[in-house]
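> what follows is a predicted structure for the sequence shown.
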Amino acid sequence: MALSLIQNATAYSYVYVVNSYVHGSNPDWSTVAKIDGEDLSLIETVEVGDNAHSIAMVQSPNRLWVTCPDSDHIAVINPSTMELIDNIEIEGKQPTGIAVSPYDSRVYVTFSETGEVGIFHPQEMELISSIHVGGNPSSITFTPSGAKAYAVDYQEPAVYVIDAVRNALITTLNFPGHAIQDAIASPDGSTIYLANMDQNKIEVIRTRDDFILAPMETSLHPRGIAISPDGQYLFLGHYTATDAYVDMIRLSDGQVVSTASIPSNPRCIKVSSDGQRIFVT
């Protein structure tokens with residue numbers, strides 16, 4: 001049920017996990033949990049809106065922003081006290097994916113209902129403008145420089161490439177299948193890696209010209225994806241109901257160098273800033 005997690009800059013400070021309740025037997029609210037990154041003890045939780053989806057850490061002021069598409073709002077939380085500060089209402093747009101621009105610290109949110117990417121002022125917590133991309137964008141990631149953003153549409157499936165300086169759509173990249181999932185940028189910004197779940201592949205985008213390179217073949221149902229801080233390894237979660245696993249893949253030759261078994265469905269993966277731990281929901 002946990003769909004996303006975020007780590008503070010310090011290697012093992014705190015991990016924030018979105019726990020989303022979306023089935024009929026569960027309540028119409030979700031929670032965000034604050035977890036000690038060293039011993040994984042639960043510190044505190046806070047309730048947010050219906051079907052919370054994604055989370056981002058916003059600096060100055062230090063806040064957690066959590067998208068709640070079924071409630072059409074973004075919950076804003078003080079990460080120190082875990083107090084719910086505000087709900088930013090986004091009527092009829094279904095805010096879903098979220099990321100903070102390294103270029104200017106603006107907050108970008110995908111609106112899956114209207115096919116837009118909204119841009120928010122982090123201090124004023126107000127929608128500044130929006131970019132129409134089409135489809136149903138569900139997640140978004142930036143290159144490290146913040147020059148470009150890549151919004152993933154798992155239904156089309158497609159990736160919408162955005163010039164994040166001019167705030168304009170550059171191009172739309174289409175992929176085979178019907179279930180592309182998480183994307184991650186390499187630390188040098190040269191490459192976007194994209195999990196194509198039903199095709200059992202990792203799609204590869206060269207960012208300088210947004211050219212789709214040959215995909216990397218992988219094993220069953222890749223879903224969550226992360227990359228080591230030195231850019232040498234991918235961590236790839238494989239979606240199965242039971243006996244799921246996370247692969248460590250060496251990018252120089254595409255070989256799996258290690259595998260860890262987990263109970264089921266590795267939905268989201270983050271790597272500690274020192275590269276010594278990965279956190280998997």
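All right, it came through fine.

> please count neighbours and contacts with C-alpha atoms only from this point.
Noted.

> just the helices in the stretch 51-200 of the chain please.
In the stretch 51-200 of the chain, no helices are defined using DSSP state H, counting those that start in this stretch.

> for the stretch 51-200 of the chain, give me the ranges with low pLDDT.
Within the stretch 51-200 of the chain, no range satisfies pLDDT under 70.

> pretty sure residue 204 is touching residue 196, no?
No - the pair residue 204 / residue 196 is not scored as a contact, 10.2 Å apart, by Cα atoms under 8 Å.

> more crowded one of those two?
Set residue 204 next to residue 196 and count neighbours by other Cα atoms under 10 Å: residue 196 wins out with 27 against 20.

> pretty sure the more buried one contacts residue 183?
No - counting by Cα under 8 Å, residue 196 does not reach residue 183; the two are 9.5 Å apart.

> overlap of the contact sets of those two?
Residues within reach of residue 196 and of residue 183 at once, by Cα atoms under 8 Å, 6 or more residues apart in numbering: there are none.

> which ones are touching the residue most central in space within the chain?
The structure's the chain has its C-alpha centroid closest to residue 139; by Cα atoms, centre = their mean the separation is 5.8 Å. Contacts for residue 139 (Cα under 8 Å, 6+ apart) come out as 96-98, 110, 151-153, 182.

> now with 10 Å, please.
53-54, 95-99, 108-112, 117, 150-154, 159, 181-183 (Cα atoms under 10 Å, 6 or more residues apart in numbering).

> try residue 210
161, 170-173, 190-192, 204.

> and for residue 206?
189-193, 212-213.

> could you dump these to a markdown table with distance to residue 45?
Below are those laid out as a markdown table (distance: Cα to Cα, whole Å):
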| residue | distance to residue 45 |
| --- | --- |
| 189 | 34 |
| 190 | 37 |
| 191 | 36 |
| 192 | 33 |
| 193 | 32 |
| 212 | 41 |
| 213 | 42 |
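
> hmm, back to that, and the contacts of residue 210, which is closest to residue 278?
residue 192 (19.3 Å; Cα to Cα).
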